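J.: Here is a sequence with its predicted model. Questions after.
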Amino acid sequence: MVIIYLTENLIFSNFAVILYNTEMSDVLVIIPTYNEIENISDILEKVMKYPDNFDVLVIDDNSPDGTADAVRKVMEQFPGRVFLEERTGKLGLGTAYIHGFKWALSRDYGYIIEMDADFSHNPDDLTRLYHECKDKGADVCIGSRYVTGVNVVNWPMGRVLMSYFASAYVRFITGMKLHDSTAGFVCYRRRVLEAIKLDAIEFKGYAFQIEMKFKAHMKGFKIVELPIIFINRRLGTSKMNSSIFGEAVFGVIKLKLASIFSKKDF
């Protein structure tokens, strides 16, 4: 009788594990990549460990260093939780996220998070952003570098000043009360992405992040900033350049003018 009892419980236990592992997640983390072979496996394995059961979509822009192959190896460890979309070339951060947003909306995810691959965004903060939307009523939750001062580690002072004053400039032009409008660590409720015309998003770099937040702001969604510590990448190469920053400077003016004269686009 003891053997039968243990066997029945073992069967039940295995069945429960199967149910847990096949349960559909309601939150997707989107990670765009280009030449992130040093980081991608570690960050995916880190995200898989959290109890919130995050799914991850990696969007790789044909990285020549083998990033996509590394993702495929992790997919074998976590079937049904890690996904890969490969694009034909380096098409820009903004278009990668738009691709990811559409992918998420074609499925049943209620919350979609943007995150970098290089550990500059601490994966431990994913839970904070997610629950600020899921449990506390935020429509957009931003992992903010500047809401409690300047929480940036290992950036050159020139880049810190450029980023900080870029957000101040955006506040002045747009009227948004955000301290970190260029942040790339953001959780969106599904309804926000459904309300924004994704095909009308114009910008690809820094200005993409501003444009998404501005359009959410114009539609009256609740935007919350949570303080994070941003740590400059230790491995790999930054994709930031002066043309991306220039797009943001002039793009903000264009966004503000469009919001005045073409309100139907917002």
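T.: Right, received. Where do you want to start?
J.: would you list every one of the strands in the stretch 51-200 of the chain?
T.: When assigned using DSSP state E, counting those that start in this stretch, the strands of the stretch 51-200 of the chain occupy the ranges 55-60, 82-86, 111-114, 140-144, 152-153, 186-189.
J.: By mean pLDDT, show me the worst of the ones you listed.
T.: When the strands of the stretch 51-200 of the chain are compared by mean pLDDT, strand 152-153 comes last with a mean of 90.
J.: So what's the gap between that strand and the chain middle?
T.: Computed by C-alpha atoms, centre = their mean, to the nearest Å, the chain-centroid distance of strand 152-153 equals 19 Å.
J.: Paired strands for that strand, with orientation please.
T.: The strands that strand 152-153 pairs with in its sheet are strand 230-231 (parallel) (by DSSP bridges).
J.: Next, the buried residues of stretch 86-106.
T.: Buried residues in stretch 86-106, counting neighbours by 16 or more other C-beta atoms under 10 Å, are found at 87, 91-101, 103-104. Quick note: C-beta positions are derived from backbone N, CA and C, even for glycine.
J.: For Thr67, which residues are in contact?
T.: By C-beta atoms under 8 Å, 6 or more residues apart in numbering, the contact set of Thr67 is 33-37, 40, 58, 60.
J.: and the gap between it and Arg171?
T.: Thr67 sits 35 Å away from Arg171, taking C-beta to C-beta, to the nearest Å as the criterion.
J.: would a markdown table of the strands of the stretch 51-200 of the chain with distance to Ile260 be doable?
T.: Output for the strands of the stretch 51-200 of the chain, formatted as a markdown table (distance: least, C-beta to C-beta, whole Å):
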| stretch | distance to Ile260 |
| --- | --- |
| strand 55-60 | 33 |
| strand 82-86 | 36 |
| strand 111-114 | 28 |
| strand 140-144 | 22 |
| strand 152-153 | 33 |
| strand 186-189 | 25 |
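J.: So for Met218, which of those sits nearest?
T.: strand 140-144 (12.2 Å; C-beta to C-beta).
J.: contacts for the closest one?
T.: The contact list for strand 140-144, computed with C-beta under 8 Å, 6+ apart, reads 121, 125, 128-130, 132-133, 178-180, 183, 185-189, 192, 213, 216, 221-228.
J.: follow-up on the earlier one: go through the buried residues of stretch 86-106 and name the one nearest Pro79.
T.: Within the buried residues of stretch 86-106, proximity to Pro79 (C-beta to C-beta) peaks at Trp103, which comes in at 17.5 Å.
J.: Does Tyr206 touch Ser167 like I think?
T.: No: look at Tyr206 against Ser167 with C-beta atoms under 8 Å: they stay out of range, at 10.3 Å.
J.: Now do the shared contacts for these two.
T.: Any residue near both Tyr206 and Ser167 by C-beta under 8 Å, 6+ apart counts here, and that gives Thr182.
J.: neighbour-wise, which of the two wins?
T.: Residue environment comparison for Tyr206 versus Ser167 gives the larger neighbour count to Tyr206, 27 against 22, counting by other C-beta atoms under 10 Å.
J.: Quick check: the gap between the more buried one and Gln77.
T.: Between Tyr206 and Gln77 the distance is 34 Å, computed by C-beta to C-beta.
J.: same thing with Asn62?
T.: As for Asn62, its distance to Gln77 is 23 Å (criterion: C-beta to C-beta).
J.: again with Met48
T.: When C-beta to C-beta is applied, the distance between Met48 and Gln77 equals 8 Å.
J.: Quick check on the two: which one has the bigger neighbour count.
T.: Shown here are Met48 and Gln77; by other C-beta under 10 Å, Met48 has more neighbours (17 against 12).
J.: one step back: specify which member of the contacts of Thr67 is nearest to Val249.
T.: Taking C-beta to C-beta as the measure, Val249 lies nearest Tyr34 of the contacts of Thr67, at 23.5 Å.
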